[in-house]
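> Any chance you can model this:
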Amino acid sequence: MRGEAGIGKTALLRHVTDGLSGVRLLWVNGAEFEADFAYAAVHQLTRPLHERIEHLPTAQRDALAVALGVGEGDTPSRFAVGLALLGLLADAAGEQPVVCVVDDAQWLDRASAQVLAFVARRMADESVAFVFGVRDPHVVAELEGLPTLTLPRLSDQVARRMLASGLLGPLDEQVRERILAEARGNPLALLELPRRLDPVGR
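Predicted coordinates for the structure are as follows:
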């Protein structure tokens, strides 16, 4: 899922996943300050499943354990880590479907981006779903080729309704039009700009 900052990617992901039942939800937030740490996002994703690592075949178990910093050995290939993560998620999905949400994927460390994309392309036969949220105009090369949903800006009619719903009092018409023009259909801007007005709407 792609869209500019403030367009509602995270809100939509939360809305969809909050309504899920009978699934295991694994949520990752990409963080720019962790982008230089290999497998930081994989560690975040798999933390609730660490007790399952011992269920994996020896080679996969060792590769994933070393990548996550909970085992010792030579640095594994990203292919080996990808196979291990594939096996780990498939094992968890044997109990209940797994939904993996990776928000702010533009900040993923490269190792995690490669491994998560590798796994996402190979889960068709498992009860595992992946959803990535990416901020435009960033490009995450590892995710190219995956199905994409781009969130557009709000139409003028919807933007006006959203602006009206967030106002605490009357608003001068010229100010209203200026806010709409400045926000350009961005939901976050429509919510934030009115808060910057003084009590008389200037």
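
> Where does the prediction get shaky in the protein?
Per-residue confidence of the chain (counting by pLDDT under 70) places the weak regions at 197-202.

> could you pull out the helices for it?
Counting by DSSP state H, residue ranges of the helices within the chain are 9-18, 40-46, 58-67, 78-93, 110-120, 156-166, 173-183, 187-192.

> CSV please, covering those helices and showing distance to Pro147 and mean neighbour count.
Any C-beta I mention is one placed from the backbone N, CA and C, and that applies to glycine too. Below are the helices of the chain laid out as CSV (distance: least, C-beta to C-beta, whole Å; neighbours: other C-beta atoms under 10 Å):
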stretch, distance to Pro147, mean neighbour count
helix 9-18, 15, 14
helix 40-46, 20, 23
helix 58-67, 27, 20
helix 78-93, 19, 21
helix 110-120, 10, 22
helix 156-166, 25, 14
helix 173-183, 29, 14
helix 187-192, 23, 18
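
> Reformat those helices as JSON lines; add distance to Gly3.
Compiled in JSON lines, the helices of the chain are given as follows (distance: least, C-beta to C-beta, whole Å):
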{"stretch": "helix 9-18", "distance to Gly3": "5"}
{"stretch": "helix 40-46", "distance to Gly3": "20"}
{"stretch": "helix 58-67", "distance to Gly3": "31"}
{"stretch": "helix 78-93", "distance to Gly3": "26"}
{"stretch": "helix 110-120", "distance to Gly3": "19"}
{"stretch": "helix 156-166", "distance to Gly3": "15"}
{"stretch": "helix 173-183", "distance to Gly3": "15"}
{"stretch": "helix 187-192", "distance to Gly3": "10"}
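
> Contact partners for Arg176?
Leu163 (C-beta atoms under 8 Å, 6 or more residues apart in numbering).

> Next, find the distance separating it from Ala63.
Counting by C-beta to C-beta, to the nearest Å, the gap from Arg176 to Ala63 is 58 Å.

> Of all the helices of the chain, which one is nearest Val128?
With respect to Val128, and counting by C-beta to C-beta, the nearest of the helices of the chain is helix 78-93 at 5.0 Å.

> angle of that closest one against helix 58-67?
Relative orientation of helix 78-93 with respect to helix 58-67: 100 degrees, computed using axes from the mean of the first three to the mean of the last three C-alpha atoms, to 10 degrees.

> Check which helices and strands helix 78-93 is in contact with.
Here helix 78-93 is seen to pack against helix 40-46, helix 58-67, strand 98-103, helix 110-120, strand 128-132 when contacts are counted using 3 or more C-beta pairs under 8 Å, 6 or more residues apart in numbering; DSSP states H and E.

> start to end distance for stretch 14-24?
End-to-end distance for stretch 14-24, by C-alpha to C-alpha, to the nearest Å: 14 Å.
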